[in-house]
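need the 3D shape of this:
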Amino acid sequence: MSIDFITVILQAINFLISLWVLRRWVFTPVMKNMSERKRRLERELVAAELARGELENERKNFDMERERMEAELAREREDGMAEIARIREEETLAFKSDIESRQAAFERLLKSERAKFLGRLEAAAGEDLAATLRGAVEFITSRPMEEVICLRLVEMLKTGKMEGLAQLRKFYAAERSVLVKAPFIIAADMRREIAAAFDVALKEKAKVKFERVLQMPIGILISCGDLELSFSIENFIEEFIARVKND
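From the prediction side, this is the model:
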């Protein structure tokens, strides 16, 4: 078997030409296209990574903003509840103060009207009514009416059952003096008993003054600053009536 070198050479030349053609018009464009595609994919991957990072940052910012808004909303809710509680407390205090002031005004009006009524009653009845009341008290107690009133005052002071005693202590702490008014003359020994009773009621050595006021209804009026406590004959008549009913 012989080798045809011309054929071999021609085939080699044909192979080289085919290789050059493939490299020139096939491999080179394909490799270039693949390189461009690879670079494009890399750019897209980088852009996608950047977009993912931006999206992650936006998500973190959104979470932070949501937490901030929730915290702010919670603070506003707490502030709102505190404001509502404060307004409610102020309204309650204002309502309570208004009720107390109205009650105090009503009590002062009632006290004034009662005193006026008793004054008009005594003025209208004159000395006959006073004499009748005096006779009734002395008949029931076997003592002068003035003494009965004074002894009743002493008893109420010593036992602490006198109405308005707490207010009297409060006013006395500021005024440091008590004035006892009566339409009759209080004997010296009875004045000492009343003063001693005030010492017990006020829990200290009290300064007590006495004054006779003829225009007063039958009874005793205790004055301390703006406070006035009345012990009129009406109180004693009611007690006498109750005592008679019980007997």
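
and the protein, what are its domains?
Per the record, the chain has its domains at 1-108, 143-246, by automatic domain parsing.

got TSV for these, with mean pLDDT too?
Listed next are these as TSV, based on pLDDT from 0 to 100:
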stretch	mean pLDDT
domain 1-108	81
domain 143-246	84
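
just name the most buried of those domains.
domain 143-246 (a mean of 16; mean count of other Cβ atoms under 10 Å). In this view, the C-beta of every residue, glycine as well, is placed from N, C-alpha and C.

now do the strands in the chain.
Under the criterion DSSP state E, the chain contains strands at 178-182, 208-212, 219-224, 227-232.

neighbouring strands - and their directions - for the second one?
Using DSSP bridges, the strands paired with strand 208-212 in its sheet are strand 178-182 (parallel).

what's next to the strand it pairs with, contact-wise?
146, 149, 168, 172, 186, 194, 198, 206-213, 216, 219-224 (Cβ atoms under 8 Å, 6 or more residues apart in numbering).

could you check the angle it makes with strand 219-224?
160 degrees (axes from the mean of the first three to the mean of the last three Cα atoms, to 10 degrees).

rewinding a little: want to throw the domains of the chain into TSV with distance to residue 116?
Formatted as TSV, the domains of the chain follow (distance: least, Cβ to Cβ, whole Å):
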stretch	distance to residue 116
domain 1-108	12
domain 143-246	10
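
what sits against residue 205?
Contacts of residue 205 (Cβ under 8 Å, 6+ apart): residue 199.

mind starting the numbering at 539 from now?
Yep, numbering from 539; the last one is residue 743 now.

for it, phi and psi?
When quoted as degrees, to the nearest 10, the phi and psi of residue 743 stand at phi -70, psi 110.

and the gap between it and residue 765?
From residue 743 across to residue 765, the span is 20 Å (Cβ to Cβ, to the nearest Å).

orientation of whichever helix in the chain runs longest relative to strand 765-770 in degrees?
Ordering each helix of the chain by length in residues (DSSP state H) puts helix 566-679 first. Going by the same axes, to 10 degrees, helix 566-679 is angled at 40 degrees with respect to strand 765-770.

could you list every helix and strand in contact with helix 566-679?
helix 683-697, strand 765-770, helix 771-784 (3 or more Cβ pairs under 8 Å, 6 or more residues apart in numbering; DSSP states H and E).

let's see it at 6 Å
On a contact count with 3 or more Cβ pairs under 6 Å, 6 or more residues apart in numbering; DSSP states H and E, helix 566-679 meets helix 683-697.

now the helix it packs on - C-alpha only, PDB.
Taking Å, rounded to 0.1, in the frame of the first residue of the first chain, the C-alpha atoms of helix 683-697 are listed here in PDB:
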ATOM      1  CA  MET A 683     -85.100  78.400 130.800                       C
ATOM      2  CA  GLU A 684     -81.800  80.300 130.600                       C
ATOM      3  CA  GLU A 685     -80.100  77.800 132.800                       C
ATOM      4  CA  VAL A 686     -81.600  74.900 130.800                       C
ATOM      5  CA  ILE A 687     -80.200  76.400 127.500                       C
ATOM      6  CA  CYS A 688     -76.800  77.000 129.100                       C
ATOM      7  CA  LEU A 689     -76.600  73.500 130.600                       C
ATOM      8  CA  ARG A 690     -77.600  71.900 127.300                       C
ATOM      9  CA  LEU A 691     -74.800  73.800 125.500                       C
ATOM     10  CA  VAL A 692     -72.300  72.600 128.100                       C
ATOM     11  CA  GLU A 693     -73.500  69.000 127.700                       C
ATOM     12  CA  MET A 694     -73.200  69.200 123.900                       C
ATOM     13  CA  LEU A 695     -69.700  70.700 124.100                       C
ATOM     14  CA  LYS A 696     -68.400  68.200 126.500                       C
ATOM     15  CA  THR A 697     -69.900  65.200 124.800                       C
END
